[in-house]
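1. Prediction below, plus the sequence it came from.
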Amino acid sequence: MKRVTSEKVLEYLGRYMDGESTQEELRALKEYFSNTKDLPAELLPYAQMFAVLEEKPETPSVEALDRFSEGQVPAVRRGVKLWPLVAAACVAAFAVIFLTPPKYEENMAIAYVDGETITNQALAMQMGQEALQEIFSNGNEEEQLTDLFNAK
């Protein structure tokens, strides 16, 4: 097979990513990425992708598969129970899903009033203005602001 040019590689990559490449084009891409040194920066991710695709996973032996199908896996014979592991995985999933704080949009206004989350910016502004009006209407603003910001 003759060596392909970088222009052809780009053409073949486009066809490969669209799912339209031929076996010959795929072989050319694999050969190009496995044998070419000093790849252009824009092709490095593709080289890594083809390297991963070329890795062969370890295949278990026939004997190991037979032992597994007969329930003779060594960990199971030693009395390792799977239910505690499954329960721990469920608890971890629950914690991640339900205990992770919600994600808000970056520009979203959030206010907490009496322990309640207010995400409506107009409502939060209105409540803040009403609170400030109440403070400044009594005449002792400095004392009220000190009490407000030093409250424990």
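-> Cool, got the structure.

2. State the pLDDT value of residue 79.
-> Per-residue pLDDT puts residue 79 at 52.

3. in the protein, which spans are strands?
-> Residue ranges of the strands in the chain, as given by DSSP state E, are 111-113, 116-118.

4. Residue 56: neighbouring residues, count only.
-> Residue 56 has 5 neighbouring residues, counting by other CB atoms under 10 Å. Backbone N, C-alpha and C define where each C-beta goes, glycine included.

5. The strands of the chain: which one's closest to residue 52?
-> Among the strands of the chain, the nearest to residue 52 by CB to CB is strand 116-118 (43.7 Å).

6. Please name the strands paired to the closest one in the sheet, noting orientation.
-> Partners of strand 116-118 in the sheet, by DSSP bridges, are strand 111-113 (antiparallel).

7. how much distance is there from the strand it pairs with to the middle of the chain?
-> What separates the centre of strand 111-113 from the centre of its chain is 30 Å, taken as CA atoms, centre = their mean, to the nearest Å.

8. try stretch 45-62
-> Taking mean C-alpha positions (CA atoms, centre = their mean), stretch 45-62 and its chain are 23 Å apart.

9. Tell me the span between the first and last residue of that stretch.
-> Chord length of stretch 45-62, first to last residue, is 36 Å (CA to CA, to the nearest Å).

10. residues contacting the most centrally placed residue in the chain?
-> What sits nearest the mean C-alpha location of the chain, by CA atoms, centre = their mean, is residue 96, with 12.7 Å. Residues near residue 96 by CB atoms under 8 Å, 6 or more residues apart in numbering: none.
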